[in-house]
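Student: I would like the atomic coordinates for the input below:
(chains A, B, C and D)
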Number of protein chains: 2
Amino acid sequence: MAWDTAATKQKILDAALEEFAEHGPAGTTVDRIAGRAGVNKERIYNYFGNKRALFTRVLAAESERIAGSVVFDPAHDDPVGDYAGRIFDYHTAHPELVRLLLWEGLTTPDEVVDEAARAEYYRAKVERFAEAQANGVLRDDLTPGVLLFSIMALAAWWHAAPHIARMATGTGRADTAQRRAAVMTAARHLATET
Amino acid sequence: MAWDTAATKQKILDAALEEFAEHGPAGTTVDRIAGRAGVNKERIYNYFGNKRALFTRVLAAESERIAGSVVFDPAHDDPVGDYAGRIFDYHTAHPELVRLLLWEGLTTPDEVVDEAARAEYYRAKVERFAEAQANGVLRDDLTPGVLLFSIMALAAWWHAAPHIARMATGTGRADTAQRRAAVMTAARHLATET
DNA sequence: GTTGATACCAACGAATTCGTTGGAAATGAT
DNA sequence: ATCATTTCCAACGAATTCGTTGGTATCAAC
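Tutor: Next up is the predicted model:
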């Protein structure tokens, strides 16, 4: 069999994403990642250094993935509802990201992976909100940064605290469509008069 | 020195709360809890069984503490803003609870500590929201459960994802008063027409 | 086909951590 | 004062896990 180092690295990254999202940095074992990837543990240390560095790498990759994926469209009929709905969709399709972010916030909130690039990503989003406020599309009694943050809260909380969602709303089996509609409505109220 | 088992137990619980909130169930070591409490490790196993059981115990205690502490008051001028502000205050004063809840959601979302009692607590809250909706105090285009859940999201997200708050809003040092005001405004928009 | 370099793996050492155990110190009852 | 009971602790065994090492298989160049 021929070597395929790119594929080996990718298998490790895929396995690490699953394991880290599921068990967090402390709960994940390098042995399990290696086992899931079907690769020897030594490869992980050779390619990525150590466990924490691998976690960092995985989180950076996932952060980049969402960056270009969900974009605010001020020309939409219901710009904020649509935007919040699509954030919700992203998290529904890729539940790993929220979990990685929460692990990061719980373990190393003051030492954030690739903070400069991620802050810049948020800054760009905030800029678009500020424009929409200036154009009268959105309410302006919340600063654009707070508005963005609050919409992310509404869209992500369902995945961040699924057990609380279950207890508070009573829905045993999560009704995704219903939740998506609720997120849209809530976000719209937040940012517009309607 | 006389025995004081109640004090010993309490010292363990206090230390465990700090350690679990800080490092989570997997990241916490029983040795560190014992060290922080100034107590021998064996006492922990004797009094509380094992590490997971102690985590459960701590979380149950904190869940009970908030239950009677923050109550919705429909007679208030700005009932929802006031309520959200007070939830925010509670989390600001006791940041451990949000962290414990997140760790629970990340590690054992389907096996929740004392779920029946906690679900009942949420049900009572939802009931009050439903009444306020029936009386025209609150919008009724969101179900009362969703409304409660969304307000909790707005109030808790700042503490759940502090690093994202920092990146999105740019405030290096958290301005608590400003954030509290933002939570109030956002919650008010969510639930009322003003 | 020989050689040097690289990808890979089985097995290992060292450290950490859970949970236990055997016994010492303190207490209350007789 | 004695004795059974309870609280407490130092030390330990067993298991887990991180990260490494020595050696083997594969490749590319000549």
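Student: low-confidence ranges in chain A?
Tutor: Scanning chain A for pLDDT under 70 picks out the ranges A:1, A:172-174.
Student: And the helices in it, which stretches?
Tutor: Along chain A, counting by DSSP state H, helices occupy A:5-27, A:30-37, A:41-48, A:51-67, A:79-93, A:95-107, A:115-134, A:144-160, A:162-169, A:176-191.
Student: Report whether the second one contacts DNA strand D.
Tutor: Yes: under the criterion of C-beta under 7 Å from any atom of the strand, helix A:30-37 makes contact with DNA strand D via A:30-31. C-beta here means a position set from N, CA and C on the backbone, and glycine is covered the same way.
Student: Also the longest one?
Tutor: No: among the residues of helix A:5-27, none lie within reach of DNA strand D under C-beta under 7 Å from any atom of the strand; the closest is 8.0 Å away.
Student: Report the residue ranges of every domain in chain A.
Tutor: The record's domain split for chain A, according to automatic domain parsing, is A:5-60, A:68-191.
Student: Just send those domains back as a markdown table, with mean neighbour count too.
Tutor: Shown next, in a markdown table, are these (neighbours: other C-beta atoms under 10 Å in any protein chain shown):
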| stretch | mean neighbour count |
| --- | --- |
| domain A:5-60 | 17 |
| domain A:68-191 | 19 |
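Student: can I get those domains in CSV with distance to DNA strand C?
Tutor: Listed next are the domains of chain A as CSV, based on distance: least, C-beta to the nearest atom of the strand, whole Å:
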stretch, distance to DNA strand C
domain A:5-60, 4
domain A:68-191, 14
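Student: about what we covered before: for the helices of chain A, give me TSV that also has distance to residue B:135.
Tutor: Shown next, in TSV, are the helices of chain A (distance: least, C-beta to C-beta, whole Å):
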stretch	distance to residue B:135
helix A:5-27	43
helix A:30-37	54
helix A:41-48	58
helix A:51-67	41
helix A:79-93	27
helix A:95-107	36
helix A:115-134	33
helix A:144-160	25
helix A:162-169	21
helix A:176-191	19
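Student: Which one of the domains of chain A lies nearest to residue B:82?
Tutor: Closest to residue B:82 of the domains of chain A is domain A:68-191 (C-beta to C-beta; 17.2 Å).
Student: and that closest one, how far apart are its ends?
Tutor: 22 Å (C-alpha to C-alpha, to the nearest Å).
Student: That one: how far from the chain's middle?
Tutor: Mean-position distance between domain A:68-191 and its chain equals 9 Å (C-alpha atoms, centre = their mean, to the nearest Å).
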